[in-house]
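# Need the 3D shape of this:
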Amino acid sequence: MMKRYKLDYQSPIGILEIEGTATHIVSILFSEQEQLINVPHKDTPQILVECHHQLYEYFMGERQEFNFPYDFEGTVFQKNVWNALTNIVYGETASYKDIAVSIGNERAVRAVGSANGKNKLSIVVPCHRIIGSNGTLTGYEGGLWRKEWLLQHENLHLNPK
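Here you go, the predicted model:
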């Protein structure tokens, strides 16, 4: 097993704990810690520093897509769901049913919801863009208040095409 490293990012809505190896990111999750614990140092892999920088750009409204290498850790079905989530465009939303249809399994709405809740790459794999089929906010591991903030943030920073 590859060595894992951690780096914290202080976002406007709480600390994100970035975890990765020397080559890819495996987790970006909100932490309830109140201060940064894992700060950059000379042994911090460049990939974590780059992820940190891209998250900074996202929260500044300067980035809409992420391009550092990351790796999903889950079942084949979960990976299919998470890949589908990456196709939801910045500032847009989709429902669990939309994702189920996009992966060719229209009846798997509940399983899609379960996989969505197990996403470990917050923001980068945009599970916050999933809303109820009636347009309401649905559960979010980081808390509904964060989900609402992220959606408002993206709408505020949409670049006209």
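
# Every contact and neighbour count from this point should use C-alpha atoms.
OK.

# Just the pLDDT at the nearest residue to E141 once chain neighbours are set aside, thanks.
The shortest distance from E141 to any non-neighbouring residue, by Cα to Cα, 6 or more residues apart in numbering, is to G117 (6.5 Å). With respect to pLDDT, G117 scores 94.

# Would you agree G117 is in contact with T138?
No. G117 is beyond contact range of T138, at 10.6 Å (criterion: Cα atoms under 8 Å).

# which residues in this structure form strands?
Assigned by DSSP state E, the chain shows strands spanning 5-11, 14-20, 25-30.

# who wins for proximity to W82 among those?
strand 25-30 (12.8 Å; Cα to Cα).

# for the closest one, packing partners?
Other helices and strands packing on strand 25-30, by 3 or more Cα pairs under 8 Å, 6 or more residues apart in numbering; DSSP states H and E, are strand 14-20, helix 46-59.

# Now render these as JSON lines, adding distance to R4.
As requested, those are exported to JSON lines (distance: least, Cα to Cα, whole Å):
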{"stretch": "strand 14-20", "distance to R4": "5"}
{"stretch": "helix 46-59", "distance to R4": "10"}
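
# CSV for these, including mean neighbour count and mean pLDDT?
Formatted as CSV, the helices and strands packed on strand 25-30 follow (neighbours: other Cα atoms under 10 Å; pLDDT from 0 to 100):
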stretch, mean neighbour count, mean pLDDT
strand 14-20, 21, 98
helix 46-59, 18, 98
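
# Nearest approach to Y70 belongs to which of those?
Checking the helices and strands packed on strand 25-30 against Y70 by Cα to Cα gives strand 14-20 as the closest, at 8.2 Å.

# Please identify the residue most distant from the middle of the protein.
For the chain, the C-alpha farthest from the mean C-alpha position belongs to K42; by Cα atoms, centre = their mean, that distance is 26.3 Å.

# ok, it to L36 distance?
From K42 across to L36, the span is 17 Å (Cα to Cα, to the nearest Å).

# Same question for H52.
Computed as Cα to Cα, the H52 to L36 distance reads 13 Å.

# list the residues that contact both of these two?
8-9 (Cα atoms under 8 Å, 6 or more residues apart in numbering).

# so what pLDDT did the residue farthest from the centre of the chain get?
So K42 comes in at 92 (pLDDT).
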